[in-house]
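Colleague: need a 3D model of the following:
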Amino acid sequence: MTAIVPPTDNVRHARVFFGATAAMLAVVLAEGAQFYFQQDRFGRSDPYWLVVAQLLRPWILIGLLVPGIIAVARTTPLSTRPWWSIPTHLISSVLFAIVHLTLLAFTHLITDPPTEYPFRFRVLGLMQNYTFQDILVYWAILGALTALWYHRSVVEREREASLLRLSLGEARLGALRAQLHPHLLFNSLNSVSMLVRRGDS
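Modeller: Numbering: from 1, shown residues only. Just a heads-up that it's a prediction; the model follows:
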């Protein structure tokens, strides 16, 4: 019977990355379908692929900002010192929204046709409409990271507990063997001495 080998950290990181990417694409495709079917109200008739491509921009920027969220989550985890970590994450979520929406306005400035709106009005308009959504995205990512790290710690504790149980079983077996060997030796010597007394060969 072959032993089950747990996956390495690289495999785990790849699974998390591809899982998060698949979830992001599912959200973008669903949001793209929603915008595609509602664009008649705005007098537009863009093809579905163009709508999805436009919606990928903010999600790609969020993906680029996720390492910052991971760094903040590692330095101030939610599981320890909630009186300190919650205000820290509230401030970080607002900063995440500001940085994300500023970068998004900058990408609009580069890729979209020029308009009469100055850059600061684009940023303020995006912040007015999407700040709360970005704060929710930050907390969703933070919650997913916390759940993933908690799951890892539980699995690690279970693995350590099973190793302790295994070593305890081996120690008990060794103690039983140590008790059995003197008895076996005593019984063998007793049998030999009885045979010698009888004179049997």
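
Colleague: got the contact list for residue 34?
Modeller: Contacts for residue 34 (Cβ atoms under 8 Å, 6 or more residues apart in numbering) come out as none. For the C-beta atoms, the positions are set from N, CA and C on the backbone; glycine is no exception.

Colleague: and it, which of the three is it?
Modeller: Of the three states, residue 34 takes helix under DSSP: H, G, I helix; E, B strand; the rest coil.

Colleague: and it, how far from residue 143?
Modeller: 24 Å (Cβ to Cβ, to the nearest Å).

Colleague: same check on residue 86?
Modeller: Residue 86 is 13 Å from residue 143, by Cβ to Cβ.

Colleague: with residue 182 instead?
Modeller: Distance from residue 182 to residue 143, by Cβ to Cβ: 60 Å.

Colleague: more crowded one of these two?
Modeller: Neighbour totals were compared for residue 182 and residue 143, and residue 143 leads with 12 against 9 (other Cβ atoms under 10 Å).

Colleague: which pLDDT does the model give the more buried one?
Modeller: Reported pLDDT at residue 143 in the predicted model: 91.

Colleague: next one: the one helix or strand it maps to to chain centre, how far?
Modeller: Counting by DSSP states H and E, the element that carries residue 143 is helix 119-198. The chain centroid and the centroid of helix 119-198 are separated by 19 Å under Cα atoms, centre = their mean, to the nearest Å.
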